[in-house]
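# How does the following fold in three dimensions:
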Amino acid sequence: MSKVNVLLIVFVLLQLTQLSSASAKNLTAQKGDYRFLVAGGLRVPELLNYTRFMVSLRLRTATKYFGDNHYCAGVIISYRWIVSSAQCLVYITKLPRRPRTIIAVIGTMNRIRRSPTTRLMAVDRVVVNLNFTLYGTNDIGLIRLMSPLVLNARVQIMALPTEPPPYGSRCIVLGWGRLYNNGPYAAMISQVDLLLYSEEQCQKAHPRYTPGDLCAGDKDKYDHDPCSGDSGGPLICNDKLVAVVSWTLGCGQLDVPSLYTDLYHNREWIKAAMEGQCSLSVLIEFKILMIIYLVFCYLL
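Numbering: from 1, shown residues only. Prediction:
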């Protein structure tokens, strides 16, 4: 057996070890005070109430201070489930993260300060749409909390959409992401007002557009956009949750709106994932790894 084949076998075994140790945890489903803070965004007092629906997703431990491990956002959709973008919930291999590597922080407006309502919640399940793993589409994922939430004035559930997106509406995006491209992360949550593009406009703006993608932007204020750290956060139109931030391609770039994942389009997948209809996911990932290995062996 060649050295290359040995290395490939080791790689596959390491991946399978990761999968097997997390098999019961990680599942992949198939089916006024105004201040510039989101890039180009504002802090608007009356909109801060939306923070009661939001989650700061963080790596397991902070390095220097509370909140410096924030990397994505999410939205509370039930007592135990949080919706986010798939890219926030996977490793570089696009396989789901181990639940113990993620902490969900709820009940806080300030990313770097604890408040009496701040809670750090452990995660016991990570679910990622299989289409994202295989094709990079359907950028949506769910995490299940180890224990149910206790609702209060700062922690609330936001209902999933029951109708298609209201194209042409003005919407808002909230997050703790970078204030501008390559800039620092926001401490207090910030928001930006954007126009929800039509499907035709979105397809023209993004050649890689696929069904289930949404675009939002502001041609007159191109520096208004979600940025790094905002992925997984909510796009809210007419006081209703419509989508989560997917790819922050804009981040202040001219004529390049960011992409969002349409939650109404993915409503059946969300329902199936929350009902636990994902028991074969680890076997599917095993097959994917074996196919990759066999292809490499054949080519060599």
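
# how's the protein carved up into domains?
Domain segmentation of the chain under automatic domain parsing yields 3-26+284-299, 51-159+266-275, 170-262.

# and among those domains, the most buried is which?
Of all the domains of the chain, domain 170-262 has the most neighbours on average by mean count of other Cβ atoms under 10 Å, namely a mean of 21. Heads up, the C-betas are built off the backbone N, CA and C, glycines and all.

# quick one: average confidence on it?
Averaged over domain 170-262, pLDDT sits at 86.

# got the end-to-end distance for it?
One end of domain 170-262 sits 16 Å from the other (Cα to Cα, to the nearest Å).

# same check, this time on stretch 83-99
14 Å.

# pLDDT of that stretch, averaged?
94.

# Can you tell me how far Gln191 is from Tyr71?
19 Å (Cβ to Cβ, to the nearest Å).

# Likewise for Ser84?
Applying Cβ to Cβ to Ser84 and Tyr71 gives a distance of 11 Å.

# again with Ala186
Taking Cβ to Cβ, one finds Ala186 at 13 Å from Tyr71.

# same check, this time on Leu214
22 Å.

# Ramachandran angles for the closest residue to Gly232 other than its chain neighbours?
Counting by Cβ to Cβ, 6 or more residues apart in numbering, Gly232 lies nearest to Ser84, which is 3.4 Å off, once chain neighbours are set aside. Note on Ser84: backbone dihedrals following degrees, to the nearest 10 are phi -150, psi -170.

# Would you mind listing the residues in contact with Ser84?
55, 57, 72-75, 140-143, 231-232, 244 (Cβ atoms under 8 Å, 6 or more residues apart in numbering).

# try 7 Å
Residues near Ser84 by Cβ atoms under 7 Å, 6 or more residues apart in numbering: 57, 72-74, 141, 143, 232, 244.

# same deal with Ile236?
Counted by Cβ under 7 Å, 6+ apart, Ile236 has contacts 50, 171-172, 242.

# Identify the farthest-apart pair in these.
Using Cβ to Cβ, the contacts of Ile236 span at most 12.7 Å, a distance reached by Tyr50 and Val242.

# Contacts made by the helix or strand harbouring Tyr260 with the rest, please.
Using DSSP states H and E, the element containing Tyr260 is strand 258-262. Residues outside strand 258-262 that contact it (Cβ under 7 Å, 6+ apart): 85, 139-140, 165, 206, 212-216, 225-226, 235, 243-250.
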